[in-house]
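>>> predicted model follows, preceded by the sequence.
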Amino acid sequence: MSFFINDAWAEAAPAAGDPSGFASLVPLILIFVIFYFLLLRPQIKRAKEHKQMVGSLTKGDEVVTSGGLLGRIVKVDDNFVSLEITDGVRVKVQKSAVTSLMPKGTFKGGEKGQGKQGKGKKGEQAPSKDEAEQSAEDADKGGSHQDGKSG
């Protein structure tokens, strides 16, 4: 039966020119170095800065939490801080939830003077009680039509 099938002979090993094990690892090492400088190093730097900022929090600092709350620190514990977000409203959050420290004067929630006037442009005031009653009387008499229609 050997006259139908040729005998198979093993070839000799190739000579020089085969890449060594180290040369095949160079692209992988290069990718890791690029990955380190573009992704890992900046992330480690941000984490270090955040840890330092959280460690230096003191009473009276104005901060923003990861949930978006803006408030003034009233009390600092080991793992938690109490934020005053408006008059008499305090929230207890983890220190790690504080994302940024704001400049002094950013938070104006606990100041007197905002009172019951509501939100308006600077210099505007809510109408006094007498002015509100007068405009209500005018409306009852039909003296002032705000919609611009007559009658």
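Thanks, I have the structure now. Quick caveat: nothing in here was measured; it's all calculated off a predicted structure.
>>> going by C-alpha atoms from here, please, whenever you check contacts or count neighbours.
OK.
>>> residue ranges with poor pLDDT in this structure?
Within the chain, the ranges that satisfy pLDDT under 70 run 1-2, 12-19, 109-151.
>>> break it down into its domains, please.
Under the assignment automatic domain parsing, the domains of the chain span 23-56, 58-110.
>>> dump those into JSON lines; add distance to D7 as well.
Listed next are the domains of the chain as JSON lines, based on distance: least, Cα to Cα, whole Å:
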{"stretch": "domain 23-56", "distance to D7": "35"}
{"stretch": "domain 58-110", "distance to D7": "74"}
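>>> point out the most buried one among those domains.
Among those, the stretch with the highest mean neighbour count (mean count of other Cα atoms under 10 Å) is domain 58-110, at a mean of 16.
>>> all strands for the chain, in order.
Ranges of strands in the chain, per DSSP state E, are 62-65, 70-76, 80-86, 89-94, 98-102.
>>> tell me which of those strands sits nearest to H50.
Ranking the strands of the chain by proximity to H50 (Cα to Cα) places strand 98-102 first, at 7.5 Å.
>>> counting contacts, what elements does that closest one pack onto?
helix 41-55, strand 62-65 (3 or more Cα pairs under 8 Å, 6 or more residues apart in numbering; DSSP states H and E).
>>> now tabulate these in TSV and tack on distance to S24.
Below are these laid out as TSV (distance: least, Cα to Cα, whole Å):
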stretch	distance to S24
helix 41-55	26
strand 62-65	48
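>>> contacting residues for the residue nearest to G67 when sequence neighbours are not counted?
Nearest residue to G67 in three dimensions, chain neighbours excluded: A97, at 7.8 Å (Cα to Cα, 6 or more residues apart in numbering). Taking Cα atoms under 8 Å, 6 or more residues apart in numbering, we find A97 in contact with T65, S66, G67.
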